[in-house]
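Asks: Sequence and computational prediction follow.
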Amino acid sequence: MLCNIPTMLTWLRILLIPVFVAIFYLPPNAIPAHWVNFTATSIFAVAAITDWLDGYLARKLNQTSSFGAFLDPVADKLMVAAALLVLVEFGRVGAVIALVIIGREIAISALREWMAGAGQSSSVGVALIGKVKTAAQMLAILFLLYWDNIGELNTKLIGRYLIAIAALLTLLSMAYYLKSAAKQIGKMDASN
């Protein structure tokens, strides 16, 4: 189905990307820096919630579709890539960390597509390490977008530690998925 509630939430996530990015490029002093950070963080948080909600509703309402299954991860990766690029530009994340995270997303997406074409998509299905990586990554991005302290809570420091942990988990999860795929590739080669 091209137009159901879960797919509309996914489209909303995609439509929020230019709004999210534009917030950072408003004319100087159009709104105070704190409100830029707060607004961008809020938009990213809404996008993260819709990511969870669209999957939940798709299963709950029995509105899963191959188009939705394709579009959902695309929307996720676009939103995370946009956030990381903005964070790199404003000096909140190092380019190497952003490259590791974005590069892994591209590599694993390509691997999943290739394995699905070979009828082996279950061998690179979402694993616990991938879910933990995503949680650390999303939380880190929220802290780094907000950037202002919350009382005594140093969001900059917490965000930087979490994004480093997310980058490490990114590499570990990529190794896990590549190892799982390699086993299947070995079995496919042996049977030919």
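Replies: It's in. Note that the structure is a prediction, hence the values are computed from the model and not measured.

Asks: I'd say residue 107 and residue 175 touch.
Replies: No. Look at residue 107 against residue 175 with Cβ atoms under 8 Å: they stay out of range, at 11.1 Å. Where C-beta positions appear, they are placed from N, C-alpha and C, glycine not excepted.

Asks: Could you measure from residue 141 over to residue 98?
Replies: 11 Å (Cβ to Cβ, to the nearest Å).

Asks: quick one: common contacting residues for these two?
Replies: Both residue 141 and residue 98 are in contact with 84, 87, where contact means Cβ atoms under 8 Å, 6 or more residues apart in numbering.

Asks: Of those two, which one has the most company?
Replies: Shown here are residue 141 and residue 98; by other Cβ atoms under 10 Å, residue 141 has more neighbours (28 against 21).

Asks: give the contact list for that one.
Replies: With Cβ under 8 Å, 6+ apart, residue 141 has these contacts: 44, 80, 83-84, 87, 159, 163.

Asks: do that again at 10 Å, thanks
Replies: Shown in contact with residue 141 (Cβ atoms under 10 Å, 6 or more residues apart in numbering): 40-41, 44-45, 48, 79-80, 83-84, 86-87, 92-93, 101, 159, 162-163, 166.

Asks: Same question for residue 46.
Replies: For residue 46, counting by Cβ under 10 Å, 6+ apart, the contacting residues are 12-13, 16, 20, 53.

Asks: top of those by neighbour count?
Replies: These, ranked by neighbours (other Cβ under 10 Å): first place residue 13, 26 neighbours.

Asks: Give me the domain ranges for the chain.
Replies: Under the assignment automatic domain parsing, the domains of the chain span 1-90, 94-187.

Asks: low-scoring stretches of the chain, by residue?
Replies: Where the chain drops to pLDDT under 70, the residues are 1-2, 120-125, 187-192.

Asks: Tell me where it has helices.
Replies: Assigned by DSSP state H, the chain shows helices spanning 5-24, 33-60, 66-89, 95-117, 128-146, 155-191.

Asks: Tell me which of those helices sits most buried.
Replies: helix 128-146 (a mean of 20; mean count of other Cβ atoms under 10 Å).

Asks: I'd like the distance from that one to the chain centre, please.
Replies: A distance of 8 Å separates the centroid of the chain from that of helix 128-146, by Cα atoms, centre = their mean, to the nearest Å.

Asks: Residue 139 and residue 41, how far apart?
Replies: From residue 139 over to residue 41 the distance is 11 Å, taken as Cβ to Cβ.

Asks: actually residue 98, not the one I wrote
Replies: In terms of Cβ to Cβ, residue 98 sits 18 Å off from residue 41.

Asks: next one: residue 67
Replies: Plainly put, residue 67 is 30 Å away from residue 41 if you go by Cβ to Cβ.

Asks: Good, we can wrap up now.
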